[in-house]
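S.K.: got a predicted structure plus its sequence, pasted below:
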Amino acid sequence: MTIYRATVLDTPVDPFGGGTLRAESDIALAVRDGQITARGPFADVRAATPDDEVLDLRDGVLLPGFVDTHVHFPQVRAIGALGMPLLDWLEHSALPEEARLHETGYAQSVATEFLHGLTRAGTTSALVFGSHFASAVDVLFTQAEQVGLRVTSGLVVSDRLLRADLLTTPERAYDESVALASRWQGHERIRYAVTPRFSYSCSADLLEACGAAYKDIDDAWCTSHVNENLTEVAEVTKLFGGTSYVGTYQDHGLLDTHTILAHNVHPTDAELDMLSASRAAVAHCPTSNASLGSGMFPLAAHLHHGVRVAMGTDVGGGTGFSMLKEGLQAYFIQSLLGAQGVSLTPAHLLHLATTAGADALGLRDQVGELSAGKRFDAVFVAPAADSPLGVGIRHAAGPDDALAKIFAMGTPADIGRVWVDGKQIKHDTW
Ligand SMILES: [Zn+2]
């Protein structure tokens, strides 16, 4: 048993549903076998367990581990290619890099870099867009299991309009997806996600094969992209004879409570109704949306229609692995939308970075908040005392203000330690 003594901030009650930030200083979390067994004032918890090790974390702030619901494994080396809209960026930046993962040695290096990126940023659970190559997805799962992260991922499939070496066939897509799932589904913290890249690059036959794999793999997840860029949306509507973009997934049995679709910057009301009725979730990726000029996310419309929204970094369409930066960008976008935007508090940003993702990924009973009974997935934010963030936290007007400063100024360099299931996967020095 270990006792973590800290100031803890989390959002057990959804701020979009009236909840507020839960902030407690000098409390203790008692953790045994990866589970939080007690939470309360330090003196009380200590009195009940006088002999156990105490880790004093009072020189920073303890948050739940971040949950990134949209991040591309093969794009680590493609981060930061500015200046292109979606389809040009795919052709000139992302896809040439993704093709290199055909070589297993290359995929191994990229997987190491990728998992390092997540860990250093404090991300403990992720829905990862995999590779077009089954061998590279195997590499990702192998390394993710070693690191210990909660990773849901799968083989990315496409059969048109991308470079030839990234294309497959419906039969092969089904066979390889089912084979990967049979090797990995439920291994430690790993789960399988059926992953059509986007309807633009998937024929109806391929989406049908994805629907079959989704049905045949026990407890599978499904992820893809939707309504990111206006040119892309127009092309998809044309390719599918007028069917809405969300409808292309629904028509092939790919839309339900295990589905997370990235972006949805340009949805119609009918599509929002479809997402709400199916209980599918949307991964909002605000940095990517701004970087690729995709548009400003209509969060108010999603909330109005009751669509579940979580957050993702979209690396490499985004600009890095930090869910703090992503939260800040979400705030900026809603500010810029003026009367059409949603006024986001620091509690909303923390919710989007933690509990919302845990809910979207069906992990809400395990992670997202630091309460007794949950798994100990946590991030210790510990900036240098003389850094602007360190100074800001020390002089904050209260916990909400301190959290606002963490989102405004925090970077992966300020993440001291990270735990998943009680196992420390990042230390102060790396
Ligand atoms: Zn993406």
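M.R.: Thanks, I have the structure now.
S.K.: check contacts around the spatially closest residue to D159 that is not a sequence neighbour.
M.R.: Computed as Cβ to Cβ, 6 or more residues apart in numbering, the closest residue to D159 that is not its neighbour in sequence is L206, at 4.6 Å. Quick note: C-beta positions are derived from backbone N, CA and C, even for glycine. Residues in contact with L206, defined by Cβ atoms under 8 Å, 6 or more residues apart in numbering, are V157, S158, D159, T168, T169, P170, A173, P196.
S.K.: the strands in the stretch 201-350 of the chain, which residues?
M.R.: Counting by DSSP state E, counting those that start in this stretch, the stretch 201-350 of the chain has strands at residues 221-226, 259-263, 281-284, 308-311.
S.K.: redo these as CSV? Include distance to L344, mean pLDDT and mean neighbour count.
M.R.: What follows is those, written out as CSV (distance: least, Cβ to Cβ, whole Å; pLDDT from 0 to 100; neighbours: other Cβ atoms under 10 Å):
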stretch, distance to L344, mean pLDDT, mean neighbour count
strand 221-226, 22, 98, 26
strand 259-263, 18, 98, 27
strand 281-284, 11, 98, 28
strand 308-311, 11, 98, 24
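S.K.: the ones you listed into JSON lines, with extra columns for distance to G148?
M.R.: What follows is the strands of the stretch 201-350 of the chain, written out as JSON lines (distance: least, Cβ to Cβ, whole Å):
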{"stretch": "strand 221-226", "distance to G148": "19"}
{"stretch": "strand 259-263", "distance to G148": "22"}
{"stretch": "strand 281-284", "distance to G148": "23"}
{"stretch": "strand 308-311", "distance to G148": "22"}
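S.K.: partners of the longest strand anywhere in the chain in the sheet?
M.R.: Counting by DSSP state E, the longest strand found in the chain is strand 22-32. Strand 22-32 pairs in its sheet with strand 2-10 (antiparallel), strand 35-41 (antiparallel), by DSSP bridges.
S.K.: in that strand, what's buried?
M.R.: Neighbour-count burial for strand 22-32 flags R22, A23, E24, I27, A28, L29, A30, V31 (criterion: 16 or more other Cβ atoms under 10 Å).
S.K.: again with stretch 143-150
M.R.: Neighbour counts over stretch 143-150 (16+ other Cβ under 10 Å) mark Q143, A144, V147, G148, L149, R150 as buried.
S.K.: do the same with stretch 331-350
M.R.: Neighbour-count burial for stretch 331-350 [16+ other Cβ under 10 Å]: Y331, F332, I333, Q334, G341, V342, L344, P346, A347, H348, L349, L350.
S.K.: how is the protein carved up into domains?
M.R.: The chain breaks down into these domains under automatic domain parsing: 2-64+369-426, 66-336.
S.K.: that older thread, which ones among the contacts of L206 are found in helices?
M.R.: P170, A173 (DSSP state H).
S.K.: please list which of the contacts of L206 are also close to the ion.
M.R.: Among these, no residue is within reach of the ion (Cβ under 5 Å from the ion).
S.K.: just flag the most distant two among the contacts of L206.
M.R.: Using Cβ to Cβ, the pair of the contacts of L206 lying farthest apart is T169 and P196, separated by 13.3 Å.
S.K.: so those two - more neighbours on which side?
M.R.: Neighbour count, other Cβ atoms under 10 Å: between T169 and P196, P196 has more, with 30 against 14.
S.K.: I'd assumed L207 was in contact with the more buried one.
M.R.: Yes: using Cβ atoms under 8 Å, P196 makes contact with L207 at a distance of 5.9 Å.
S.K.: fine, thanks again, bye for now.
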